[in-house]
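[1] Sequence and predicted model, in that order:
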Amino acid sequence: MKQNLKIQIENIAKKAKSASGRLSILPTAAKNAVLKDLASALLKGQAIILKANKKDISSAKNKGKAFIDRLSLDALRIKQMADSLLEIAKLNDPVGEVLRAWNTAGGLNIQKVRVPIGVVAIIYESRPNVTADCIGLCFKSGNSVILRGGSEAINSNLAIFNLFKQVMQKHNLAEGTINLIATTNRQAVDYLLKLKDDVDLVIPRGGEELIKKVVSVSAIPVIKHYKGICHVYVDECADLNMAMNICLNAKLQRPGVCNAMESMLVHRDIAGRFLPGMLKKFKQAGVQIRGCVFTQKIANWVKRATEKDYRTEYADLILSVKVVDDLDAAIAHINAYGSRHSDSIVTDDKSSAEKFLKQVDSACVYQNASTRFTDGGQFGMGAEIGISTDKLHARGPMGLEELTTYKYMIHGCGQVRR
């Protein structure tokens, strides 16, 4: 049985590799036509998708509110998935873009040109919208894709994939252009991660445990982020009403996602004016607060924060709070305890904002805005393939450009090196 599964995964990877060559030269107009049909397929197949999603939700009913939120689809979310595909169709095609061109003294014409990466494998957990987003982005950027979603979303993922597969067949695209590993057997991932000759890049999307497992097993390059420990620092020069709105949004808008605020820092000089009202609103929203000694003095119902709390991605209605002496202390805390994902300062002081933006070592740094904007769609990328906190190749939300690499194309007229 294991041998059969291994062969199945190898065959999927080989078909994806074969299809990637044809996909890499597909004209932009043809790709855009397919993307529009994919969006239409989502809307027309809404009933099929929702029926499948209902099965997944029923099986996961004991998983918790944040988990169910990530798993759930409705008419609005399906429309958003379709809109995302249409937005990707409107974006400039990065494939073939000449990044730089020059002539050498010997008469060679050299061009540095964007090209697809090839075959991208995406391993993800409970969010079925990832299936549509990743197929759209990989297709537009000329990459074949191999998807392996979590077992908890298997019915939703299959419903979306099967609708998309019909569109690919309608356009006479190669069989391995899009691929979904339908088995829930975890051994399939281990087999996939060893296929370095056929798969060019792996992107895990999910919790820290999943990502660490992928990194430890993979023989293929991996782009990832481990945690989403995001901070909002309320500076002494902050507009406190603005700060309150930003902090509420950063924590409450979708607490289970990686760009939600997990830790709030407050300048000591304004803590007495800001924290009483802020903590009250969080308490009313059902947020558990774990704070420093100063925070506890302001609200005696606050649980004392431990060292572990400041290093934890809760992905839930739990928030760590710390009062800091100044901007330097806030920056030091974020760089020590954060995950290099997304961090924000609320301040009207330009010099403080500039210092924060330059010295906080994160993929996305904000002034006077919620960390919840770290998202490919919000950045105008149409959607995102994932978030990277690495520093090489890609950092932050990954869109079309981050799904390409480049090659040098050199034109000569008979030159030989002497």
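    Cool, the structure landed.

[2] which residue packs closest to S20, ignoring adjacent ones?
    Once flanking residues are discounted, S20 sits nearest to S144: 4.1 Å by C-beta to C-beta, 6 or more residues apart in numbering. Using the backbone N, CA and C atoms, a C-beta is placed for each residue, glycine as well.

[3] Repeat that for R205.
    Y124 (4.0 Å).

[4] same deal with K51?
    A159 (7.7 Å).

[5] which residues touch the one you found?
    Going by C-beta atoms under 8 Å, 6 or more residues apart in numbering, A159 touches 45, 48-49, 51-53.

[6] following the strand or helix carrying it, which helix or strand shows up next?
    Counting by DSSP states H and E, the element that carries A159 is helix 154-170. Sequence-wise, the next helix or strand downstream of helix 154-170 (DSSP H and E) is strand 178-180.

[7] just checking, what packs against the helix or strand that comes right after that following strand?
    For strand 178-180, the following helix or strand on the C-terminal side (DSSP H and E) is helix 187-192. Applying 3 or more C-beta pairs under 8 Å, 6 or more residues apart in numbering; DSSP states H and E, one finds that helix 187-192 contacts helix 2-23, strand 119-124, strand 144-148, helix 208-217.

[8] Could you take the ones you listed and lay them out as JSON lines, with extra columns for mean pLDDT?
    What follows is these, written out as JSON lines (pLDDT from 0 to 100):
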{"stretch": "helix 2-23", "mean pLDDT": "94"}
{"stretch": "strand 119-124", "mean pLDDT": "97"}
{"stretch": "strand 144-148", "mean pLDDT": "98"}
{"stretch": "helix 208-217", "mean pLDDT": "92"}
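
[9] how about the helix holding A159: buried residues?
    Buried residues in helix 154-170, counted by 16 or more other C-beta atoms under 10 Å: 154-165, 167-168.

[10] about what we covered before: how close does the residue nearest to S20 sit to G176?
    For S144, the distance to G176 (C-beta to C-beta, to the nearest Å) stands at 6 Å.

[11] Can you check which residues contact both of these two?
    Counting by C-beta under 8 Å, 6+ apart, the residues touching both S144 and G176 are 16-17, 19-20.

[12] Mind picking the one among the residues you listed that's closest to Q367?
    Checking these against Q367 by C-beta to C-beta gives S20 as the nearest, at 40.8 Å.

[13] Sticking with F67, tell me its helix or strand.
    F67 belongs to helix 65-71, assigned by DSSP H and E.

[14] Tell me which residues of that helix come out buried.
    66-68, 70-71.

[15] Same question for stretch 265-276.
    Neighbour-count burial for stretch 265-276 flags 265-267, 270-271, 274-275 (criterion: 16+ other C-beta under 10 Å).

[16] Make a markdown table from those and add pLDDT, distance to A394 and secondary structure to it.
    Putting these into a markdown table (pLDDT from 0 to 100; distance: C-beta to C-beta, whole Å; DSSP: H, G, I helix; E, B strand; the rest coil) gives the following:
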| residue | pLDDT | distance to A394 | secondary structure |
| --- | --- | --- | --- |
| L265 | 98 | 28 | strand |
| V266 | 98 | 33 | strand |
| H267 | 98 | 34 | strand |
| I270 | 98 | 37 | helix |
| A271 | 98 | 38 | helix |
| F274 | 98 | 36 | helix |
| L275 | 98 | 37 | helix |
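
[17] This completes my enquiry, with thanks.
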